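Peer 1: have a look at this fold, sequence not included:
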């Protein structure tokens, strides 16, 4: 019986094993369950605007930076990231504040029977919780970080205003592929029809993969290093000395 926040969080950790702790046996890499769960919840992900961020390196930092920019501009901003470090509620924030214990408790309590029947994964449950919270709190925009890959990641049921892919390296090769182009193809799964996509860094092994996918989806594609020039303090001092 779910009566308290502790009951709810204990239930999450008891029933849903976290991938980093137990490995691939905890992973369900498809969209079937998350679609069913969100249907049960009234498709909350369709009620708010979003930005979707995938990649290997820097996607968490990028998610926090973009969230901070929207927040400082006065928008009510949701942020979903993973994993958490100390508190499960770190994953789901609005304007920098953790999801409330009451909402988390009520979410598990009110949907307990359906969750028990469907048996979603730990990650699917956390994604659905985030989407439900953002919809309930009527955020202006939500920044959503991919958990693993992109194409079949549970977050990939959203239709964002913008997709963004940071640079990639060899991660989760047992699931995503052994080569950078194979991994890039999985990350490129977040590129959706007519939705612009920004690629954080040009990588010769991956550029064709992104460009082919963007063409198929008629999605405008931009490379960040074509749009902005980053100058470090050391580079600036060197350039000044050369003048």
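Peer 2: Sure, I can see it. Note that the structure is predicted; figures quoted are calculated from it, not measured.
Peer 1: so who does the most centrally placed residue in the chain touch?
Peer 2: By C-alpha atoms, centre = their mean, the mean C-alpha position of the chain lies nearest to residue 145, the distance being 1.9 Å. Contacts for residue 145 (C-beta atoms under 8 Å, 6 or more residues apart in numbering) come out as 53, 59-60, 63, 80-82, 155. The C-beta positions use only the backbone N, C-alpha and C, and glycine is treated the same way.
Peer 1: beyond the worst-scoring helix or strand of the chain on mean pLDDT, next helix or strand please.
Peer 2: Lowest by mean pLDDT, DSSP states H and E among the helices and strands of the chain is helix 19-22, with a mean of 50. Counting by DSSP states H and E, the next helix or strand C-terminal to helix 19-22 is helix 32-40.
Peer 1: now do the next helix or strand after that next one: which elements does it pack against?
Peer 2: Next helix or strand after helix 32-40 toward the C-terminus (DSSP H and E): strand 49-54. Using 3 or more C-beta pairs under 8 Å, 6 or more residues apart in numbering; DSSP states H and E, the elements in contact with strand 49-54 are helix 59-72, strand 141-145, strand 162-165.
Peer 1: just put these in a markdown table and tack on mean pLDDT and distance to residue 5.
Peer 2: Compiled in a markdown table, the helices and strands packed on strand 49-54 are given as follows (pLDDT from 0 to 100; distance: least, C-beta to C-beta, whole Å):
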| stretch | mean pLDDT | distance to residue 5 |
| --- | --- | --- |
| helix 59-72 | 96 | 25 |
| strand 141-145 | 98 | 23 |
| strand 162-165 | 98 | 33 |
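Peer 1: any chance of these in a markdown table, with distance to residue 124 too?
Peer 2: Formatted as a markdown table, the helices and strands packed on strand 49-54 follow (distance: least, C-beta to C-beta, whole Å):
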| stretch | distance to residue 124 |
| --- | --- |
| helix 59-72 | 19 |
| strand 141-145 | 14 |
| strand 162-165 | 21 |
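Peer 1: wait, which of the ones you listed is closest to residue 208?
Peer 2: Residue 208 lies closest, by C-beta to C-beta, to one member of the helices and strands packed on strand 49-54: strand 162-165, at 13.9 Å.
Peer 1: tell me which residues are up against that closest one.
Peer 2: 51-55, 62, 66, 150, 187-188, 190-192, 195-200, 210, 219.
Peer 1: again, only using 6 Å
Peer 2: Contacts with strand 162-165, where a contact means C-beta atoms under 6 Å, 6 or more residues apart in numbering, come from 51-55, 187, 190-191, 195-199.
Peer 1: same question for stretch 55-67.
Peer 2: By C-beta under 6 Å, 6+ apart, the residues outside stretch 55-67 that reach it are 53, 77, 79, 81, 143, 145, 165-169, 171.
Peer 1: again, but for stretch 102-121
Peer 2: Stretch 102-121 is contacted by residues 2, 5, 8, 11, 28, 33, 37, 40, 129, 133 when judged by C-beta under 6 Å, 6+ apart.
Peer 1: the fourth one and residue 149: what is the separation?
Peer 2: By that I understand residue 11. 27 Å (C-beta to C-beta, to the nearest Å).
Peer 1: tell me which of these two has more neighbours.
Peer 2: residue 149 (22 against 19; other C-beta atoms under 10 Å).
Peer 1: for the more buried one, which non-adjacent residue is closest in space?
Peer 2: Nearest residue to residue 149, sequence neighbours excluded (C-beta to C-beta, 6 or more residues apart in numbering): residue 186, at 4.1 Å.
Peer 1: right, I'll leave it there.
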